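Q: sequence plus the predicted model coming up.
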Amino acid sequence: MEPAAQRLEVLFSKAESELATLSCMINQEFSILAAAQGVDTQVINELVHNVKNIRAQLNQILSEVLEFQQQQQTVMSSMQSQLSTLCVQFNDLSMIIGPAALEAGSDKEYSTE
């Protein structure tokens with residue numbers, strides 16, 4: 001899941017960059033059109049406003065992805081720690097049971113003869 005989160009982060013970053021480029025292009029076109037024809041600025045202002053809203057939404061999604069990635073790393077670290085503890089306990093148990101099992105097995109061999 002971590003690679004997927006990283007891919008999302010890259011895609012959102014790319015989308016944000018493209019939106020910034022579009023915003024600059026729209027502002028330039030607006031300036032040119034306004035100077036040349038005196039166009040209705042309300043439509044263009046709404047377009048710029050919508051682009052800014054999309055950028056804000058993408059930033060929100062990016063922060064959620066980063067938060068999800070952090071939570072994922074925390075869970076993975078916790079699981080790794082628990083598995084490590086379990087392995088140590090299993091090794092300790094096998095050290096305790098191992099010799100006892102060998103002794104029990106050798107007792108059976110002597111009793112059958």
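A: Ah, there it is. Residues are numbered from 1 along each chain as shown.
Q: rest of the way, CA atoms for contacts and neighbours
A: Fine.
Q: output the longest helix belonging to this protein.
A: helix 41-112 (DSSP state H).
Q: and that one, how far out from the chain's middle?
A: Relative to its chain's centre, helix 41-112 lies at 12 Å (Cα atoms, centre = their mean, to the nearest Å).
Q: count of residues packed around residue 67?
A: Other residues lying near residue 67 total 12 when counted by other Cα atoms under 10 Å.
Q: how many neighbours does residue 13 have?
A: 15.
Q: sec struct for it, please.
A: The local conformation at residue 13, judged by DSSP: H, G, I helix; E, B strand; the rest coil, is helix.
Q: contact partners of stretch 72-91?
A: Around stretch 72-91, the neighbours that count as contacts under Cα atoms under 8 Å, 6 or more residues apart in numbering are residue 2.
Q: any idea how far residue 84 lies from residue 92?
A: Noted for residue 84: a distance of 12 Å to residue 92, by Cα to Cα, to the nearest Å.
Q: buried residues, the worst-scoring helix or strand of the chain on mean pLDDT. List them.
A: One helix or strand of the chain scores below all others by mean pLDDT, DSSP states H and E: helix 2-37, with a mean of 76. By neighbour count on 16 or more other Cα atoms under 10 Å, the buried set for helix 2-37 is 5, 8-9, 12, 16, 19, 23, 26, 30.
Q: want to throw those residues into a markdown table with distance to residue 98?
A: Output for these, formatted as a markdown table (distance: Cα to Cα, whole Å):
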| residue | distance to residue 98 |
| --- | --- |
| 5 | 45 |
| 8 | 49 |
| 9 | 50 |
| 12 | 55 |
| 16 | 60 |
| 19 | 65 |
| 23 | 71 |
| 26 | 75 |
| 30 | 81 |
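Q: just to revisit the earlier point, quick one: the least confident helix or strand of the chain to helix 41-112, angle?
A: Orientation check (axes from the mean of the first three to the mean of the last three Cα atoms, to 10 degrees): helix 2-37 against helix 41-112 gives 180 degrees.
Q: how far is helix 2-37 from where the chain is centred?
A: Between the centre of helix 2-37 and the centre of its chain there are 23 Å (Cα atoms, centre = their mean).
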